[in-house]
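Undergrad: sequence first, predicted coordinates after that:
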Amino acid sequence: MDMRTDASRRAGATTVETGTQPSVNRLVVVSNRLPFILSVQDDGGCSLVPGAGGLVSALAPVLRNRGGMWIGWPGSTARNIPDLDRVLLNATRDSGYTLQPVELGEEEKEKFYRGFSNEIIWPLFHDLQSDCNFDPSYWNVYRSVNSKFAQAILATHRDDDFVWVHDYHLMNVAHELRSNGLTSRIAFFLHIPFPPLDIFAKLPWRFQVLTSMLDYDLIGFQTLRDRRNFIQCARLLDPDLSLSGKGQVTTLNTREREVRLGAFPIGIDYTEFAKKAASGDVTAMADLLHKDLPNRQIILGIDRLDYTKGIRHRLEAFCRALQRFPDMHQRVTLVQVVVPSREDIPRYHEMRVEIERTVGEINGQFTQSGWVPIHYIFRNLTRVELLAYYRASHIALVTPLKDGMNLVAKEFCAARIDENGVLILSEFAGAAAQLQRGALIVNPYDVEDVAEAIHHAFIMPDGERHQRMRKMRRSVREYDIFRWVDSFLRAAIAKDLGDFPLPEEYVPHMETVVL
Ligand code: GDG
């Protein structure tokens, strides 16, 4: 059990034995999206709904615990909304932090968000270079929007703020802030992977991006492998740059300045997940799911609609498992939840059509009276539904082609208050480094490998399931989101880096050279 109280967390208490308590004055989180999406009605009135996605899931509890300010785009291109300030104030009134909007117009949304961020950086950083559209007009808009975010930070800046910028949309913000004379500490966390040199080098603006990133004082990555890739790319700029310190945080000395680089595997609010998973409404819904599928093992896939999540490959592997292992017929149901995302991008729409066609084909081939092998859900689940599916499932199939971390894997473990359930996890998810001692690790491109893992999970005895799940839960509990934020802040503010241990269970999986 995590014995820290809410009060001690609020005060910034840390369970990391080494070093001092990381207390910063005002935490200013900056990300592309605010944690709420703005919807504007025809009469000009507006309302907010909670945003989805890993970054919001991870950071919302941090802001609720520490207080501070969140700067970001509210997700609508409508301008000068009269009600906006009041609606934003109300949204977080009881949460102890404030929201500061950055408004974007249609062209900015098109070229900065859809273009540079999601047609270039997203596929490139997930090693899918052939999916990139290196449209030359995107770069200038990316720079100008990053400058706009920098202006929003400066407009509310206090000298003792701790400015923490997040993710690939905003790699240039520190550069813009430095150009405006800001000298105080600025930190950055990259939620997605950082690609190997051979892939990164394809980016037409590779030198500008690297130079800009080196204006941050601390850059956090999800894994040691991402950090190693970044260091190898930084050597493109300066082959003589030197490194000092080993372990979780290291210092890179460029000609101009020192930049700290760390691996901080992001966590979840474990206690909250476990508590909610045990609640009456979740238990009732999980029971109902079991009753609806008697004598079945439920295999669960939950993903945002995205080509990096490997949904099509997974369906093929499930199909292969049904072909090879008839003992699973009538005994398993794959519940595949796809959460709508980036729907206005044609590539995403095509992917949805392809997934639905594949589901139809598999069901067409295997369905028997009383058994439909795949239950397909295309919508957002409520929190209660999400937790009920985590609890009711026997196996979670988390097989992204590449993923910064993957919080679904960790949430599944936290929700398993019965310490049961098998996690099948892609070796290309950041979470694999931490969970590989308990999960069945697979190569998502290897359909036979995944099919065998599904069958292995299906026949796994209860004793082994418990043993594996206990290991994973311990790790997810100990390295939770609060410890993540504490270790990041400590690495940012410590005078002397000292020793920053990674979680004990952390194995730098598949990381050939660890710097
Ligand atoms: C990026 C990186 C990294 C999903 N469906 C529903 C729902 N969710 C929530 C999950 C989870 C989150 O969305 C998804 O997080 P992931 O980590 O899987 O993925 P990304 O959105 O791609 O996030 C990723 C993350 O940032 C954090 O650093 O792990 O690698 O790509 O929290 O629970 N939530 C609800 N209904 C759903 O239907 N309520």
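TA: Noted; the coordinates are in hand.

Undergrad: in this protein, which residue sits closest to the ligand?
TA: residue 54 (2.3 Å; Cβ to the nearest ligand atom). C-beta: built from backbone N, CA, C; applies to glycine.

Undergrad: going along the chain, name the helices of the stretch 401-515 of the chain.
TA: Ranges of helices within the stretch 401-515 of the chain are 407-415, 432-435, 447-459, 462-478, 481-493, based on DSSP state H, counting those that start in this stretch.

Undergrad: any chance of those in a markdown table, with distance to the ligand too?
TA: Below are the helices of the stretch 401-515 of the chain laid out as a markdown table (distance: least, Cβ to the nearest ligand atom, whole Å):
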| stretch | distance to the ligand |
| --- | --- |
| helix 407-415 | 4 |
| helix 432-435 | 12 |
| helix 447-459 | 18 |
| helix 462-478 | 13 |
| helix 481-493 | 9 |
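
Undergrad: with mean pLDDT and mean neighbour count as extra columns, can I get those helices in CSV?
TA: Formatted as CSV, the helices of the stretch 401-515 of the chain follow (pLDDT from 0 to 100; neighbours: other Cβ atoms under 10 Å):
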stretch, mean pLDDT, mean neighbour count
helix 407-415, 97, 27
helix 432-435, 94, 26
helix 447-459, 98, 19
helix 462-478, 97, 18
helix 481-493, 89, 22
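
Undergrad: in the helix or strand containing residue 153, what counts as buried?
TA: Taking DSSP states H and E as the criterion, residue 153 maps to helix 137-155. The neighbour-count check on helix 137-155 (16 or more other Cβ atoms under 10 Å) flags 138-139, 141-143, 145-150, 152-153 as buried.

Undergrad: and what of stretch 32-43?
TA: 32, 33, 34, 35, 36, 37, 38, 40.

Undergrad: interface residues of the stretch 301-450 of the chain facing the ligand?
TA: Within the stretch 301-450 of the chain, the positions lying close to the ligand (Cβ under 6 Å from any ligand atom) are 302, 304, 337, 339, 380-381, 383, 386, 403-408, 411.

Undergrad: make it 8 Å
TA: Proximity of the stretch 301-450 of the chain to the ligand (Cβ under 8 Å from any ligand atom) is limited to residues 302-304, 306, 308-309, 337, 339, 341, 379-383, 385-386, 400, 403-409, 411, 429-431.

Undergrad: one more: the stretch 151-300 of the chain?
TA: Going by Cβ under 8 Å from any ligand atom, the residues of the stretch 151-300 of the chain near the ligand are 167, 189, 191, 192, 193, 222, 266, 268.

Undergrad: so which of those residues comes closest to residue 103?
TA: residue 167 (19.0 Å; Cβ to Cβ).

Undergrad: where does the chain dip in pLDDT?
TA: Within the chain, the segments meeting pLDDT under 70 span 1-22, 498-515.

Undergrad: so the most far-flung residue of the chain relative to its centre versus residue 319, what's the distance?
TA: No residue in the chain sits farther from the centre than residue 369, which is 39.5 Å out by Cα atoms, centre = their mean. With the distance defined as Cβ to Cβ, to the nearest Å, residue 369 ends up 20 Å from residue 319.

Undergrad: now residue 360
TA: 12 Å.

Undergrad: who's more crowded, these two?
TA: When residue 360 and residue 319 are compared for neighbours, residue 319 comes out ahead with 21 against 12, by other Cβ atoms under 10 Å.

Undergrad: ok, that one touching residue 362?
TA: Yes: Residue 319 is within contact range of residue 362, at 4.9 Å (criterion: Cβ atoms under 8 Å).

Undergrad: residues near residue 106, how many?
TA: By the measure other Cβ under 10 Å, the count of residues near residue 106 is 9.

Undergrad: let's verify residue 127: helix, strand, or coil?
TA: Under DSSP: H, G, I helix; E, B strand; the rest coil, residue 127 falls in the coil class.

Undergrad: surely it is in contact with residue 402?
TA: Yes: if you go by Cβ under 8 Å, residue 127 and residue 402 touch, sitting 5.5 Å apart.

Undergrad: I'd say residue 184 and residue 153 touch.
TA: No: if you go by Cβ under 8 Å, residue 184 and residue 153 don't touch, sitting 10.7 Å apart.

Undergrad: list residues touching both of the two?
TA: residue 163 (Cβ atoms under 8 Å, 6 or more residues apart in numbering).

Undergrad: how much space between residue 235 and residue 321?
TA: According to Cβ to Cβ, residue 235 and residue 321 sit 44 Å apart.

Undergrad: look at those two and report which has more neighbours.
TA: Neighbour count, other Cβ under 10 Å: between residue 235 and residue 321, residue 321 has more, with 24 against 14.

Undergrad: correct me, but that one touches residue 454?
TA: Yes: contact criterion Cβ under 8 Å: residue 321 and residue 454 qualify, at 4.3 Å.

Undergrad: tell me, what's touching these two both at once?
TA: Listed as contacting both residue 321 and residue 454 by Cβ under 8 Å, 6+ apart are residue 328.

Undergrad: quick check: end-to-end length of stretch 287-296?
TA: 13 Å (Cα to Cα, to the nearest Å).

Undergrad: got the contact list for the most centrally placed residue in the chain?
TA: The geometric centre of the chain, computed from its C-alpha atoms, lies nearest to residue 54 (Cα atoms, centre = their mean), at 3.8 Å. Shown in contact with residue 54 (Cβ under 8 Å, 6+ apart): 191, 266, 404, 405, 406, 407.

Undergrad: with residue 227 instead?
TA: For residue 227, the contact set (Cβ under 8 Å, 6+ apart) comprises 194, 221, 250, 261, 262, 263, 515.

Undergrad: need phi/psi at it.
TA: Dihedral pair for residue 227: phi -70, psi -40, per degrees, to the nearest 10.

Undergrad: again, but for residue 260
TA: Torsion angles, degrees, to the nearest 10, at residue 260: phi -90, psi 140.

Undergrad: any idea what it is bridged to?
TA: residue 218, residue 251 (DSSP bridges).

Undergrad: let's have the chain start at 456 instead
TA: Got it, the first residue is 456 from now on, which makes the last one we talked about residue 715.

Undergrad: measure it to residue 939 for me?
TA: 16 Å.

Undergrad: repeat for residue 763
TA: Distance of residue 763 to residue 939, computed by Cβ to Cβ: 22 Å.

Undergrad: residue 628 now?
TA: 21 Å.

Undergrad: same deal with residue 622?
TA: Residue 622 is 15 Å from residue 939, where distance means Cβ to Cβ.

Undergrad: do residue 947 as well
TA: Residue 947 is 13 Å from residue 939, by Cβ to Cβ.

Undergrad: how about residue 887?
TA: Residue 887 is 17 Å from residue 939, by Cβ to Cβ.

Undergrad: in the longest helix seen in the chain, what's buried?
TA: Identified as the longest helix of the chain according to DSSP state H is helix 801-821. Neighbour counts over helix 801-821 (16+ other Cβ under 10 Å) mark 803, 806, 807, 810, 813, 814, 817, 818, 821 as buried.

Undergrad: list the contacts of it.
TA: Contacts of helix 801-821 (Cβ under 8 Å, 6+ apart): 586, 760-762, 766-767, 770-771, 773-774, 777, 784, 791, 793, 796-798, 827-829, 831, 833.

Undergrad: filter these to the buried ones?
TA: Here, 16+ other Cβ under 10 Å leaves 760-762, 766-767, 770-771, 773-774, 777, 791, 793, 796-797, 828-829, 831 buried among the contacts of helix 801-821.

Undergrad: helices - which of the residues you listed land there?
TA: Short answer: those in helices (DSSP H) are 766, 767, 770, 771, 773, 774, 777.

Undergrad: who's in contact with stretch 540-553?
TA: 489, 491, 493, 501-503, 518-519, 521-525, 529, 554-556.

Undergrad: which residues sit against the helix holding residue 608?
TA: With Cβ under 8 Å, 6+ apart, helix 592-610 has contacts from 483, 485, 526, 555, 557, 559, 562-563, 566-567, 570-572, 574-575, 618, 620, 625-628, 630-632, 635, 637, 659-660, 663.

Undergrad: right, I'll leave it there.
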